[in-house]
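[1] only geometry, no sequence info:
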């Protein structure tokens, strides 16, 4: 399967984009998108040897999903097939065109709406069963999918830096050799702490940046980290150490949401990060000094989250709509702006005219353009994130001149709270990239005055200036 293509078929362009984002988050294979069953059949007839698995909608005007399934059956192609439909699984399986399902070990029907994890698990299971494709017919398949040692669905990714920092004990540790192959490098309970450290350092020197734990081990580990960090956020008195704990907490929140989804621990830690920010601001309202404590050159994404939190709340305090509710919305949005991005180089793209943007692959460009939507999707089940907070996240890369993304809104369409966040992010990104020197600070303030001071940005800009005058 390593060199095989993944075929996605749906007549809805929006659904195809969502499917593509889901699949490319876990698989390195080329993805081919088709808008109908007939288009997919034509492609497969010309590229039979390239196709590894097909994920298809059922109801399409130019060739149904059932037509595509029948083509695969008639050609006796050893290709796993996943059908997405708006009806129940039982109803679809009872249709005459899907009679061969009972003899197939590599076909799944998934009812809409479906979750990302359900789809990825189904892909993994179908690929794992691919070798017994014609189990009940007694025939030999023309091709076999490559054997899969482990499924990514069963593992959670952890940065080596985090592993070193918290040193989880009594767990199996794996590295990813290829898209679908993992190898165990540390056996639970077999090595002393020093031996574990030496082993991990050996792989780090080879360029490995992440290790993998079994989902259950990772969940217990994250619960332990969450408890430790939550306690630190409540008890630490030293301001610099507290700010560092906030940055580390944002990192842990992002990791946990991406790998495990919503949990009570994540909800509680998010709330404590927000409250600790307000506590620090009340105690030390000098924004410039707070920024110095955050900027440690450890991780751009998480440091920018905290800079945005402090800047946006300090700015809101200088507006007519200043309130605890407003501060909460801005602080919580700040924490989650780039939740769906794990790579710093993607998060550093503030606008799509950045020359660095053109250097990315088409898949990376899509990831960047869609990340506001994807971050909001990850928060759909978290009650504390209101529609106002989600809207700030959606709009944090919009620009007053309409050149922003993802919706290209202009200054009159962007909400005032989003305007505060956009100004804060522009400034925060500028000092993280080029430093907090007097000349760069003046340059950034001049650029903000020129580009972010009209229409719905007028009052947020005035409040931002007031916040810095106080500093």
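    Looks like it arrived, so ask away. All values derive from a computational prediction rather than experimental measurement.
[2] helix or strand right after the helix or strand hosting residue 54?
    Here residue 54, judged by DSSP states H and E, is contained in strand 51-57. In the C-terminal direction, the helix or strand that comes right after strand 51-57 (DSSP H and E) is helix 65-74.
[3] show me the strands in this structure, by range?
    Taking DSSP state E as the test, the strands found in the chain are 5-9, 31-34, 51-57, 81-85, 107-111, 155-159, 173-176, 182-186, 210-214.
[4] what's the model's confidence in the first one, averaged?
    Mean pLDDT, strand 5-9: 93.
[5] identify the residues contacting it?
    By CB atoms under 8 Å, 6 or more residues apart in numbering, the residues outside strand 5-9 that reach it are 16, 19-20, 23, 27, 29-37, 39-40, 43-44, 47, 50-57, 60, 65, 68, 123. Every residue, glycine included, has its C-beta placed from N, CA and C.
[6] for the residue nearest to residue 395 when sequence neighbours are not counted, give me its contacts.
    In space, and not counting its chain neighbours, residue 395 is closest to residue 418: 3.8 Å by CB to CB, 6 or more residues apart in numbering. Residue 418 makes contacts with 391, 392, 395, 396, 398, as judged by CB under 8 Å, 6+ apart.
[7] distance of the third one relative to residue 365?
    Applying CB to CB, to the nearest Å, the value for residue 395 to residue 365 is 20 Å.
[8] of the contacts of residue 418, closest to residue 78?
    Nearest to residue 78 among the contacts of residue 418 is residue 396, at 45.9 Å by CB to CB.
[9] centre-most residue in the chain?
    residue 340 (2.3 Å; CA atoms, centre = their mean).
[10] any idea how far the closest residue to that one other than its chain neighbours is from residue 247?
    Leaving out its chain neighbours, the residue that sits closest to residue 340 by CB to CB, 6+ apart is residue 374, at 3.6 Å. Applying CB to CB, the value for residue 374 to residue 247 is 22 Å.
[11] next: residue 463.
    Shown here: residue 463 relative to residue 247, a distance of 25 Å by CB to CB.
[12] what sits against residue 225?
    For residue 225, the contacting residues are 166, 252, by CB under 8 Å, 6+ apart.
[13] switch to 10 Å and redo it
    The contact partners of residue 225, by CB atoms under 10 Å, 6 or more residues apart in numbering, come to 162, 165, 166, 168, 248, 249, 251, 252, 255, 256, 265, 269.
[14] tally up the residues packed near the third one, please.
    This means residue 166. For residue 166, the neighbour count with other CB atoms under 10 Å is 16.
[15] now swap in the fourth one and tell me
    Other residues within reach of residue 168 by the criterion other CB under 10 Å amount to 19.
[16] still on that earlier bit, and of the contacts of residue 225, the nearest to residue 110?
    Distances from residue 110 to the contacts of residue 225, taken as CB to CB, are shortest for residue 256 (25.7 Å).
[17] residues in contact with the closest residue to residue 333 other than its chain neighbours?
    Of all residues not flanking residue 333 in the chain, residue 392 sits nearest, at 3.9 Å (CB to CB, 6+ apart). Contacts for residue 392 (CB under 10 Å, 6+ apart) come out as 312, 329-330, 332-334, 336-337, 372, 376, 385-386, 415, 417-422.
[18] okay, now the unreliable bits of the stretch 51-200 of the chain?
    100-107, 128-153, 177-181, 189-194 (pLDDT under 70).
[19] list the contacts of residue 32.
    Counting by CB under 10 Å, 6+ apart, residue 32 touches 5-9, 20, 39-40, 43-44, 47, 50-51, 54.
[20] among those residues, the buried ones, what's the PyMOL command?
    To isolate the buried members of the contacts of residue 32 in PyMOL, using 16 or more other CB atoms under 10 Å:
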select buried, resi 5+6+7+8+9+20+39+40+43+44+51+54
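[21] could I get the contacts of residue 32 as TSV with distance to residue 238?
    Listed next are the contacts of residue 32 as TSV, based on distance: CB to CB, whole Å:
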residue	distance to residue 238
5	54
6	50
7	56
8	51
9	57
20	46
39	62
40	60
43	61
44	62
47	61
50	58
51	58
54	57
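[22] what is the nearest of the contacts of residue 32 to residue 458?
    Nearest member of the contacts of residue 32 to residue 458, counting by CB to CB, is residue 20, at 39.3 Å.
[23] what is the neighbour count of the spatially closest residue to the closest one that is not a sequence neighbour?
    Setting aside the residues directly before and after it, residue 20 is nearest to residue 31 in space (CB to CB, 6+ apart), at 5.6 Å. Look at residue 31: counted by other CB under 10 Å, it has 16 neighbours.
[24] hang on, residue 31 packs against residue 50?
    No. Assessed by CB atoms under 10 Å, residue 31 is found out of contact with residue 50, at 12.0 Å.
[25] of residue 374 and residue 247, which one has the most company?
    residue 247 (22 against 17).
[26] and that one, what does it touch?
    Applying CB under 10 Å, 6+ apart, we find residue 247 in contact with 273, 293-294, 296, 298-299, 301-307.
[27] start to end distance for stretch 82-98?
    Distance across stretch 82-98, first residue to last, is 12 Å (CA to CA, to the nearest Å).
[28] check which residues of it are buried.
    With burial defined by 16+ other CB under 10 Å, the residues of stretch 82-98 counted as buried are 82, 83, 84, 85, 92, 98.
[29] likewise for stretch 360-373?
    By neighbour count on 16+ other CB under 10 Å, the buried set for stretch 360-373 is 360, 364, 365, 367, 368, 369, 370, 371, 372, 373.
[30] and if you look at stretch 10-20?
    In stretch 10-20, counting by 16+ other CB under 10 Å, buried: 10, 11, 16, 17, 18, 19, 20.
[31] from the chain's centre, how far out does that stretch sit?
    Put simply, stretch 10-20 sits 18 Å off its chain's centre (CA atoms, centre = their mean, to the nearest Å).
[32] nearest to residue 318, of the buried residues of stretch 360-373?
    Proximity of those to residue 318 (CB to CB) peaks at residue 372, which lies at 26.2 Å.
[33] leaving out the residues flanking it, which one is nearest to that closest one?
    In this structure, residue 372 finds its nearest non-sequential neighbour in residue 394, 4.9 Å apart by CB to CB, 6+ apart.
[34] so that neighbour makes contact with residue 409?
    Yes. Between residue 394 and residue 409 a contact is recorded at 9.4 Å, counting by CB under 10 Å.
[35] name the residues contacting each of those two.
    415, 418.
[36] quick revisit: among the buried residues of stretch 360-373, name the ones in helices.
    364, 365, 367, 368, 369, 370, 371, 372, 373 (DSSP state H).
[37] need the nearest residue in space to the second one, chain neighbours excluded.
    This means residue 365. residue 357 (6.6 Å).
[38] now do the contacts for the one you found.
    Residue 357 makes contact with 346, 348, 349, 350, 351, 364, 365, 368, 369, according to CB under 10 Å, 6+ apart.
[39] count residues in the vicinity of residue 279, would you?
    Each residue near residue 279 was counted by other CB under 10 Å, and the total is 14.
[40] please apply the same query to residue 311.
    27.
[41] contacting residues for the residue nearest to residue 260 when sequence neighbours are not counted?
    Among residues not flanking residue 260 along the chain, residue 219 sits closest, at 5.9 Å (CB to CB, 6+ apart). Residues near residue 219 by CB under 10 Å, 6+ apart: 156, 213, 256, 259, 260, 263, 265.
[42] how far away is the fifth one from residue 170?
    Spelled out, that is residue 260. Taken as CB to CB, the span from residue 260 to residue 170 is 19 Å.
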